[in-house]
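Chemist: Starting from these lines, generate the structure:
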Amino acid sequence: MKVGKFKSIVLTGALVVAGVSQAISVDNKMFEGVWFKPGTNSGWGFEFLKTGDEKGLMFVTGFIYDDNGTAFWVTGDAPVVSGQSILSFELKTTSGGSIDGDSNAVNENFGLMDVDFKSCQKASVSLTGINSDILASEGVSFDLEPIDNIVGQNHDSSVCTYQTEFTTCPDFAATSTQPKTCVLSGTLTGNKTLTNDTNWVLQGAVFVGEDGGATSNLTIEPGTRVLGVTGNDFLAIQRGSKLFAEGTAKSPIVFTGPYNASDESAGAGNWGGLVINGKAPLNICDESVAFSQCEDVGEGASGNFGGDQPHDSSGVIKYVRVQFGGFRINDEDELNGIALQGVGDGTIIDYVQVHANEDDGIEAFGGTVNMKHIVLTNIKDDSLDWTHGWNGKVQYVLVKQDQNAANDKDRGIEADNYELNNDAVPRSQPMIANATFIGADSDNKTTRGMVLRRGTGANFTNVIVTGFERCLDIDSEATFAAAGSTDNLTGFLTMENTVISCAQNFEEEEGDAFTVQSFFESQAGNEVADPALNNIYPTANTPTGKNMDPNIWSAFFDKVNYVGAFKSESHAWTNGWTEFLD
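Modeler: Next up is the predicted model:
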């Protein structure tokens, strides 16, 4: 993708972002309810209806008096997209008609209403062209406050995350010409917080901390949007520093490009991505090199990583969505949605979605980091990728390919030990439970569910692989050798309680030590069968799973007995914070 596609303008050092850039996202239920104008009898009720990914309609009803003191109401609606807090309504009055279908109702224009939701506690209103002397005498520009004593109001801090009002950019960010927007660049040191009353725009490579320097911490509040504008814009956490990005199911943190998802320009490669650099071990060095000295440099000059601290912590990433990223610099140097580079198992990664990334969704370069509740949708390259000796644990994974844009690089998993030394230690051997991989067939491409190669190990249980042109492929002599044989597996590479269903279930190649089919069939609970999914969810006809052996699957794993990412649609852990699942 060419950089020329991106719409960015530099004005007095601040970026102008294409599309909506208003910080607070009112595309949810948090701003619903009745608001009133202090000192008057007029009130305004707001109701949100979601109509698609990152978009919806906000309805307003105003309760006011006419010039004779007679109460009446006006209504309107306005489209709203994520990141938008300033809405414009065309207000109308309605008279006549009846609930039994009388079509004699008359709608008349009343005026225009602009509302700026500054927080969950305050909104500023401007009325123009109104047909009411009473409102005109009360003032056409005023603030609203929520009525908190009505049942069901959502404005207190226990429900609504937007409690502060934007005033100005902090000293570590530049001021933008767009409202409620600040620009980040260079290196952030010390303790910094990105508040959710502000849109934060990345300008170039933004690093948190200095490699080898004092610890720096970046905290991101729930409901915050962080935007990249070009393919060269990315956020990287340096070794020894930490990211605390803790959203909620109702207010996820969103890393995205310059366009809202409803904009036709939104797509893979709109910006860079998120990079986490840690101090956990890699396997890329000669045996004479100590782990403490074994390190690598991330793609796109995204920082040094690696070390001898398997329990290193790079912070918390929870209820986070990363979308429309993954700029491809060249065929060998490209940015992933999330690059986990030497990240230790002291890091918490839970409830994370990567959507429409140009390169891989999540790639682990060594380290020991664990993950739960992961969603990877419409990834243009591999959804989950690993190399450099990654030894982590993962439970609850949904991978769903773009059903209209399959290509031969769309792999659910691409797994390596180390390309230059397939037997390097520590050998890659993640443990993965409760994953659903949904592929897309293509007339002229070959999509694959799992490609396990270059000496990798892995342990799988309760997995579904379906919809790909080919389900399972094992490559490289070192991979087979490390696995052992079908009647005597070493434990490095195992697959149990797994259901597969593809146009071709096994990819066999001449010269392999044993067939992929025999590997699959030799282990307990595996079956070739239609998983009978309803979109991404199991149904009554989905094959049942098996109990997980606690002697093999550690305390990290919930000991569930079903295949795939979900127990049922009613128990879906994706509700609220994800998008793009239809």
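Chemist: quick one, helices of the chain?
Modeler: Secondary structure of the chain, counting by DSSP state H: helices at 133-138, 477-483, 516-521.
Chemist: worst average pLDDT in these?
Modeler: Among these, helix 133-138 has the lowest mean pLDDT, at a mean of 63.
Chemist: so who does residue 580 touch?
Modeler: 53, 261, 323, 355-356, 377-378 (CB atoms under 8 Å, 6 or more residues apart in numbering). (C-beta placed from N, C-alpha, C; glycine too.)
Chemist: could you dump those to a markdown table with distance to residue 122, pLDDT and neighbour count?
Modeler: Compiled in a markdown table, the contacts of residue 580 are given as follows (distance: CB to CB, whole Å; pLDDT from 0 to 100; neighbours: other CB atoms under 10 Å):
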| residue | distance to residue 122 | pLDDT | neighbour count |
| --- | --- | --- | --- |
| 53 | 28 | 95 | 19 |
| 261 | 28 | 93 | 22 |
| 323 | 30 | 98 | 27 |
| 355 | 32 | 98 | 26 |
| 356 | 35 | 96 | 26 |
| 377 | 36 | 97 | 23 |
| 378 | 38 | 95 | 23 |
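Chemist: Give the buried residues for stretch 445-455.
Modeler: Neighbour-count burial for stretch 445-455 flags 446-455 (criterion: 16 or more other CB atoms under 10 Å).
Chemist: Tell me how far that stretch lies from the chain's centre.
Modeler: 24 Å (CA atoms, centre = their mean, to the nearest Å).
Chemist: Quick one: mean pLDDT for that stretch?
Modeler: 93.
Chemist: Could you do stretch 117-126 as well?
Modeler: 93.
Chemist: what's the first-to-last distance across it?
Modeler: Criterion CA to CA, to the nearest Å; first-to-last residue distance in stretch 117-126 is 12 Å.
Chemist: So which bits of that stretch are buried?
Modeler: Under the neighbour-count criterion of 16+ other CB under 10 Å, stretch 117-126 has 117-121, 123, 125 buried.
Chemist: how far away is the nearest residue to residue 346 once chain neighbours are set aside from residue 347?
Modeler: Closest residue to residue 346 apart from its sequence neighbours, by CB to CB, 6 or more residues apart in numbering: residue 313 at 3.1 Å. Using CB to CB, to the nearest Å, we find residue 313 at a distance of 5 Å from residue 347.
Chemist: How is the protein partitioned into domains?
Modeler: 33-146, 193-368 (automatic domain parsing).
Chemist: Please identify the deepest-packed of these.
Modeler: Greatest average neighbour count among the domains of the chain goes to domain 193-368 (a mean of 23), per mean count of other CB atoms under 10 Å.
Chemist: how close does residue 447 get to residue 316?
Modeler: Taking CB to CB as the criterion, residue 447 is separated from residue 316 by 34 Å.
Chemist: I meant to write residue 47 there.
Modeler: With distances taken as CB to CB, residue 47 is found 34 Å from residue 316.
Chemist: Who is the residue nearest in space to the middle of the chain paired with across the strands?
Modeler: Central residue of the chain (CA atoms, centre = their mean): residue 321, 1.9 Å from the mean position. Beta-bridge partners for residue 321, by DSSP bridges, are residue 254, residue 353.
Chemist: tell me the pLDDT at it?
Modeler: On the pLDDT scale, residue 321 is placed at 98.
Chemist: so who does it touch?
Modeler: 252-256, 352-355, 577-579.
Chemist: Looking at these, which is nearest residue 426?
Modeler: Residue 426 has its nearest neighbour among the contacts of residue 321 in residue 352, at 24.4 Å by CB to CB.
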